[in-house]
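>>> Provide a 3D model corresponding to the input given below.
(one chain, ligands or ions: 2)
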Amino acid sequence: MTVKTILTEPNKILRQVSLPVEKVGKEEQELMNDMLETMYDAKGIGLAAIQIGVPKRIIVMDIENKDKEKKPMYFVNPIIKNKNSNHSTYEEGCLSVPNQFAEVDRPSTCLVEYLDYDGNKKKLKATGLLATCIQHEMDHLEGILFIDYLSKLKKMMIIKKLSKQKNKVDRIIV
Ligand code: GNR
Ligand code: NI
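Numbering: from 1, shown residues only. Ligands and ions are numbered 1, 2, ... in the order given. Okay, here's the model as predicted:
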């Protein structure tokens, strides 16, 4: 297992649409292991493969409290079957949009069909934080970030801040 570098906005790779996985094999399982370790290391509750530069429709999540035992979840080729017309708002953050948070409105529950770590077909009714997180992660598979839901002005301000932060880091390294 390896901790990978998480790509941050602005980065065109994050805008790629990820491709379905044909078979959950060794390579995919190793990718999921690396994704989980990267996610825990960054103290996130979810991670999509594209965030470490791999355009495959794979997500890992663990929404349990940090100190409790780990409860990793793996989603390959997830599809949302049903979205609740009731929405709820949640203050979201993203490991690819570091240190920025904003309220996002999404369906409060959803039904997800996916393949698990072993390639078995599963269905899950997600509610609460789980529903929010899985929808946030599935957006990554389409190249969508939570800042895309904000007003143009808010989004521009965040991207400008992130670009400045990136330039600073580059300057220190160079
Ligand atoms: O760690 C994360 N926390 C979070 C909080 C509210 C809504 C969504 C998330 S997902 C995020 C990790 C991440 O960026 N996943 O793509
Ligand atoms: Ni994210």
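
>>> contacts for the helix or strand harbouring Q165, please.
Assessed by DSSP states H and E, Q165 sits inside helix 152-173. By C-beta atoms under 8 Å, 6 or more residues apart in numbering, the surrounding residues in contact with helix 152-173 are T8, E9, P10, V97, P98, Q100, A102, I147, D148, L150. (Glycine included, C-beta is placed from N, CA and C.)

>>> that's a strand at the first one, yeah?
Just to be clear, that refers to T8. No: applying DSSP: H, G, I helix; E, B strand; the rest coil, one finds T8 to be coil, outside a strand.

>>> ignoring the adjacent residues along the chain, who's closest to it?
Using C-beta to C-beta, 6 or more residues apart in numbering and skipping residues adjacent in sequence, the residue nearest T8 is S96, 5.2 Å away.

>>> what about the one you found, how many neighbours?
Neighbourhood size, S96 [other C-beta atoms under 10 Å]: 24.

>>> how near is it to ligand 1?
6 Å (C-beta to the nearest ligand atom, to the nearest Å).

>>> selecting buried members of the contacts of helix 152-173 in ChimeraX, what would you type?
Per 16 or more other C-beta atoms under 10 Å, the buried members of the contacts of helix 152-173 correspond to this ChimeraX selection:
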select :8,9,97,100,102,147,150
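
>>> inside strands: which ones of the contacts of helix 152-173?
Cross-referencing the contacts of helix 152-173 against strands under DSSP state E gives V97, P98, Q100, A102.

>>> skip the chain neighbours and tell me the closest residue to the last one.
If I follow you right, that is A102. Leaving out its chain neighbours, the residue that sits closest to A102 by C-beta to C-beta, 6+ apart is L150, at 5.6 Å.
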